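> Give me a 3D structure for the following:
(chains A and B)
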Amino acid sequence: MIGAVNSVEAVITSIQGLSGSPEDLSALHDLLRGAQDSLRAEPGVNFSTLDQLDASKHSLGYLYFLEVLTCGPVSKEKAAYEIPIIARFINSCDAGQIRLASYKFVSLCKILKDHVIALGDPLRGVGPLLNAVQKLQVSSKRLTALHPDVLQLCLQAKSYKSGFSILSDDIVEIDQPRDFFLYSYYGGMICIGLKRFQKALELLYNVVTAPMHQVNAIALEAYKKYILVSLIHNGQFTNTLPKCASTAAQRSFKNYTGPYIELGNCYNDGKIGELEALVVARNAEFEEDKNLGLVKQAVSSLYKRNILRLTQKYLTLSLQDIANMVQLGSAKEAEMHVLQMIQDGQIHALINQKDGMVRFLEDPEQYKSSEMIEIMDSVIQRTIGLSKNLLAMDESLSCDPLYLGKVGRERQRYDFGDDFDTVPQKFSM
Amino acid sequence: MAPIFPEEENEEETKREMRPMQLDMLSEMDDAGSSMAMDVDDLEAMEILNEGGLVSDNKLADADFFNKFDDDFDDTDIN
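Modelled structure (predicted):
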């Protein structure tokens, strides 16, 4: 027992002495890796041991101890006790030190996530995990294993604005495909919650068209939502997947998404009565997928689409005429739809309350205001940035031995004559 | 089946003011989906360069992912 306590004390002393320079930290990390099994088995290690350490100065060592103390089966009592301790550590730890043991930091954050879920209080984990992402991320372009966890908690807590804060950067570096699938799918749902449908489409599109050798369940669910959001935002449905989607997706998605494809085709026909009948007939399937709310938004959008078509043909119409033409129940319903469309910027119109007449106006936007110039400049800058990233990735891929080996194998199938050099032998794999 | 845009002639017609005819100089733009990514010329070549073997449809990958969220996207109770 005395020997074991001495061992723990020795580790504590090492942490206190070797948390300064990068060289010391490297030596400390080797020591901690070697000692972690014995620390895990040591009964003398408890939360009061942490009192000898400073979370911000001794973050690496603190992390090792905290992970040992918090691992194991989850219970509500354990969760209630450990959540504030883990959250305080995340908020005060040194980013440089925890990145040395990023896998362990991720593990600790996932324990926090499990704890808040066990307590039924996902919102409690949002702030600390958002902080954790900032500390873990080496670059804003790199996806971490914590991004999906943050978004999951935000969705469960219905804290969509918090989730959106980590969706604005363009992610181009990914370690694990599953993390990317979840990030894009959950991110799409966050944007749907905020009615940022264009951004939702971009994120859902990324997972629908991601490379996959077998049908991926996350991509399937994303495709269902992609169809519905396309109807809501674009007012139309395309039966075929984008050309860049994988063979697995092209061949198999339609087998799993029958009701949604049927809905999309019916929507394209523009007949409200048939669309509503289809929704009733397939209600159980949409409800099981938790997509009934989005389906209802899609039905509502068909009314709006039909009203939009009226604005292209008429300058003025009565609310009753609008209701009759798009098969709404009353002039009052038509007024609600028109008001919502004006508010969303989908149409420009004036409603005369006295005689119930709607006058459709031209879009007043001249695209020459300072705000519009700022928007255009921002989009151009983003495009330039993405283009530079793409060129850098292409250059890097062109030098990748694995890629060159495969290209070399395929090039042998074709006879290009003397116009092309063959790939050097050392890259043939 | 009632058409969406009925053309009945009645006294209400005088209240509807129609837009002047415009020639459609441009063909209808394709949907946003195709403008969001480049077209890939040779899907077969990309498949050749993929690692792994044949595509398997039998099992769904990542079938255990968490998706038990409340359906929070129903707007019908708003307004």
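> Name the surrounding residues that touch whichever strand or helix holds A:N306.
Assessed by DSSP states H and E, A:N306 sits inside helix A:292-313. Residues outside helix A:292-313 that contact it (Cβ atoms under 8 Å, 6 or more residues apart in numbering or on different chains): A:192, A:225, A:228-229, A:231-232, A:235, A:263, A:267, A:270, A:272, A:275-276, A:279, A:283, A:286, A:317, A:322, A:325-326, A:328, A:334, A:337-338, A:340-341, A:346-347, A:349, A:360, B:4-5, B:18-19, B:71-76. For every residue, glycine as well, the C-beta is placed using N, CA and C.
> Is there a quick ChimeraX command that grabs whichever of those residues are buried?
In ChimeraX syntax, the buried subset of those is picked out as below (16 or more other Cβ atoms under 10 Å in any protein chain shown):
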select /A:192,225,228,229,231,232,235,263,267,270,272,275,279,286,317,322,325,326,328,334,337,338,340,341,346,347,349,360 /B:73
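> Tell me the residues of the stretch 101-250 of chain A that contact chain B?
Neighbours of chain B within the stretch 101-250 of chain A, by Cβ under 8 Å from any Cβ of the partner chain: A:152, A:155-156, A:158, A:178, A:181-182, A:189, A:192-193, A:198, A:201-202, A:205, A:209, A:211-218, A:220-221, A:230, A:233-234, A:236, A:238, A:242-244, A:247-248.
> Identify those among those residues that sit within helices.
Those of those mapping onto helices are A:152, A:155-156, A:178, A:181-182, A:189, A:192-193, A:198, A:201-202, A:205, A:217-218, A:220-221, A:230, A:233-234, A:247-248, per DSSP state H.
> What residues sit buried inside the helix holding A:N306?
By neighbour count on 16+ other Cβ under 10 Å, the buried set for helix A:292-313 is A:292-299, A:301-311.
> cool, and stretch A:85-92?
A:I85, A:I86, A:A87, A:F89, A:I90.
> In CSV, list those residues along with pLDDT and secondary structure.
Listed next are the buried residues of stretch A:85-92 as CSV, based on pLDDT from 0 to 100; DSSP: H, G, I helix; E, B strand; the rest coil:
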residue, pLDDT, secondary structure
A:I85, 97, helix
A:I86, 97, helix
A:A87, 97, helix
A:F89, 97, helix
A:I90, 97, helix
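> Show me the two of those residues that sit farthest apart.
A:I85 and A:I90 (9.9 Å; Cβ to Cβ).
> Which residue is it, in the stretch 251-400 of chain A, that comes closest to chain B?
A:G293 (3.3 Å; Cβ to the nearest Cβ).
> gap between that residue and A:N283?
Separation of A:G293 from A:N283 (Cβ to Cβ, to the nearest Å): 12 Å.
> Likewise for B:F69?
19 Å.
> cool, A:A95 as well?
49 Å.
> Check which element follows the helix or strand encompassing A:L32 along the chain.
Taking DSSP H and E as the criterion, A:L32 maps to helix A:22-41. Where DSSP H and E defines the elements, the next helix or strand beyond helix A:22-41 is helix A:59-70.
> send the alpha carbons of that next one over as PDB?
Extracted in PDB, the C-alpha atoms of helix A:59-70 (Å, rounded to 0.1, in the frame of the first residue of the first chain):
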ATOM      1  CA  SER A  59      -3.500  19.700 -18.100                       C
ATOM      2  CA  LEU A  60      -1.900  16.600 -19.500                       C
ATOM      3  CA  GLY A  61      -1.400  14.900 -16.200                       C
ATOM      4  CA  TYR A  62      -4.800  16.100 -14.900                       C
ATOM      5  CA  LEU A  63      -6.400  14.600 -18.000                       C
ATOM      6  CA  TYR A  64      -4.800  11.200 -17.400                       C
ATOM      7  CA  PHE A  65      -6.100  11.100 -13.800                       C
ATOM      8  CA  LEU A  66      -9.500  12.500 -14.700                       C
ATOM      9  CA  GLU A  67     -10.000   9.900 -17.400                       C
ATOM     10  CA  VAL A  68      -9.100   7.100 -15.000                       C
ATOM     11  CA  LEU A  69     -11.500   8.400 -12.400                       C
ATOM     12  CA  THR A  70     -14.500   8.900 -14.700                       C
END
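> Could you check the angle that helix makes with helix A:22-41?
Counting by axes from the mean of the first three to the mean of the last three Cα atoms, to 10 degrees, helix A:59-70 points 10 degrees away from the direction of helix A:22-41.
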